[in-house]
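Participant: sequence and predicted structure, then a few things I'm wondering about:
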Amino acid sequence: DSTLTAALSVLNQPPFEYMDKANLPVTIADGLALTQGRITWPLMPRPDPDDVLFSMTSQLRNVRSETLLPGRQFAAPELLVTASKAGLNIAGSVQVGAIGAIGVWDRRFGDPDQPGSRVLAQVGLSQDFLDEFGIALPSGTIDGRGTGELAVSLQDNTPPAFSLTSDLLGVRVAIPAVGWTKPAQATGNLRVEGALGPVATIDRLEIGGAGFQASGRIDLTETGQLQAARFARVQVGNWFDAPVTLRGRGAGAPVGVEISGGSLDLRGAQFGGGSSGGGPLTIGLDQLQISD
């Protein structure tokens, strides 16, 4: 029964060296730990390390860290840690900044097929989540609250790679520039992939539902503002099918819309969603239908 740092320093002694194997300091977090376990070894001089068996469990309480996720506050009322020769596992409910999650962090030892460590979590999906992780979507894209499945791969000397998927239930999603809205009570699909850092990179963005489907990527400025959301293909109902770029124009300004190629049927078009004050619209279609 000790502080978390004291427990980790014991677990980092030879032959365990859990924290060194995980490439983490014993001072990674503050908190209290109730630890128990079993160590089995042969009574002989200098036994082979493979003959030493051990398993440890630790209940952590009131955990706080600014080291585990650099630049973000990490807190957890209670976590369960299990450690053995196979690896190190931490599970429970956590708070990362303003975002709550239930998940697990796992690090395998000596497995070349699973280098580094990984986080799997169920997270609350809302504008707060996008703000916390620097995922800049056009203003008004997300409203309400849903859940998403977050996976983060933590490798040595590289930014954490992440993927987020969700059915968007409970979340209202809108792209007013093309007149599309998914109601909160309807399901859809969302997949975001990229890397976390001072400014996130978003290499893949897929979003859809309620007659809409788009896939592309997002480019951010050095300050994390939207530079451009580039969709290789956007489909809206049966009236629009074209590549679209939503170009950021600064904080608070409506995005500019650029359409290069594809087809548009004006009989069912809903550009702007009936709102005023939209950004500039540039169109270079392959096919335009105006009337019957």
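Facilitator: Yep, that arrived. Residues are numbered from 1 along each chain as shown.

Participant: hey, let's count contacts and neighbours off CA atoms from now on
Facilitator: Fine.

Participant: show me where the stretch 51-200 of the chain dips below the pLDDT cut-off.
Facilitator: For the stretch 51-200 of the chain, the stretches with pLDDT under 70 are 70-71, 134, 136, 138-139, 177.

Participant: which stretches of it form strands?
Facilitator: Taking DSSP state E, counting those that start in this stretch as the test, the strands found in the stretch 51-200 of the chain are 53-65, 74-84, 87-96, 99-108, 117-125, 142-144, 146-154, 161-166, 171-175, 180-182, 189-195.

Participant: and of these, who's closest to Val255?
Facilitator: Evaluated over the strands of the stretch 51-200 of the chain, closeness to Val255 peaks at strand 171-175, with 10.2 Å, by Cα to Cα.

Participant: just want the angle from that closest one to strand 117-125.
Facilitator: In terms of direction (axes from the mean of the first three to the mean of the last three Cα atoms, to 10 degrees), strand 171-175 departs from strand 117-125 by 90 degrees.

Participant: could I get the buried residue list for strand 171-175?
Facilitator: Neighbour-count burial for strand 171-175 flags Val171, Arg172, Val173, Ala174, Ile175 (criterion: 16 or more other Cα atoms under 10 Å).

Participant: contact partners of it?
Facilitator: Here strand 171-175 makes contact (Cα atoms under 8 Å, 6 or more residues apart in numbering) with 125-126, 140-146, 180-185.

Participant: same question for stretch 251-260.
Facilitator: If you take Cα under 8 Å, 6+ apart as the criterion, stretch 251-260 is touched by 138-139, 177, 225, 242-249, 277-285.

Participant: hmm, back to that, most neighbours among the contacts of strand 171-175, which one?
Facilitator: In terms of neighbour count, Leu125 stands highest of the contacts of strand 171-175 at 26 neighbours, by other Cα atoms under 10 Å.

Participant: gap between that one and Thr165?
Facilitator: Computed as Cα to Cα, to the nearest Å, the Leu125 to Thr165 distance reads 10 Å.

Participant: thanks a lot, see you next time.
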